[in-house]
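# Show me the folded form of this:
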Amino acid sequence: MVEEYDAKGFAWAVLEPKIMETLLSLDADLCSLAELDRHDEFAPKFEAVSYGSIWFKRPRQASLDGCSILYCKSKMDLIWFTWYCVD
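Numbering: from 1, shown residues only. Here you go, the predicted model:
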């Protein structure tokens with residue numbers, strides 16, 4: 001029963017539009033998405049709504065997800081970034 005609910009509620013086809021809708025409704029200058037494992041699919045969609053993004057993969061080899069920072073390109077420019085991994 002729980003697995004069936006999870007399969008419906010957490011399916012990517014269900015989650016993706018909700019994430020985009022929430023992002024757009026917030027009208028945020030900066031936003032961070034944790035545990036994002038589809039940045040390559042999301043990045044063009046962010047770009048289409050004037051957000052730039054950077055992504056850093058979780059340092060664990062078994063994990064495919066990471067964190068993404070989104071920024072509103074009409075309000076700021078990404079000039080430089082670096083990552084610090086704290087174990």
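# When you work out contacts or count neighbours from here on, use the C-alpha atoms and nothing else.
Will do.
# residue contacts, G52?
Applying CA atoms under 8 Å, 6 or more residues apart in numbering to G52 gives the contacts 43, 46, 70-73.
# What residues sit buried inside the helix or strand hosting it?
G52 is part of strand 51-57 when elements are defined by DSSP states H and E. In terms of neighbour count (16 or more other CA atoms under 10 Å), strand 51-57 has its buried residues at 51-53, 55-57.
# which of the residues in the helix of greatest length in the chain are buried?
Longest helix in the chain by number of residues (criterion: DSSP state H): helix 12-26. Using 16+ other CA under 10 Å as the test for burial, helix 12-26 gives L23.
# Need the mean per-residue confidence for that helix.
Mean per-residue pLDDT for helix 12-26: 87.
# residues in contact with it?
Outside helix 12-26, the residues touching it (CA under 8 Å, 6+ apart) are 8-9.
# Ok, stretch 71-87 next?
By CA under 8 Å, 6+ apart, the list of residues contacting stretch 71-87 from outside reads 28-31, 50-53, 56, 59.
# 7 Å - rerun?
The contact list for stretch 71-87 (CA atoms under 7 Å, 6 or more residues apart in numbering) reads 29-31, 50-53.
# Can you pull up the most central residue in the protein?
In the chain, the C-alpha nearest the mean C-alpha coordinate belongs to L33, at 4.2 Å (CA atoms, centre = their mean).
# what bridges to it?
S68 (DSSP bridges).
# How confident was the prediction at it?
Looking at L33, the pLDDT reads 90.
# Run through the residues that contact it.
67-69 are the contacts of L33 under CA under 7 Å, 6+ apart.
# low-confidence ranges in this structure?
1-3, 5-6, 87 (pLDDT under 70).
# so of the contacts of G52, which ones are in helices?
43, 46.
# The closest residue to D29 other than its chain neighbours - how many residues pack around it?
Leaving aside its sequence neighbours, D29 sits nearest to C72 (CA to CA, 6 or more residues apart in numbering; 4.9 Å). The tally of other residues near C72 (other CA atoms under 10 Å) stands at 20.
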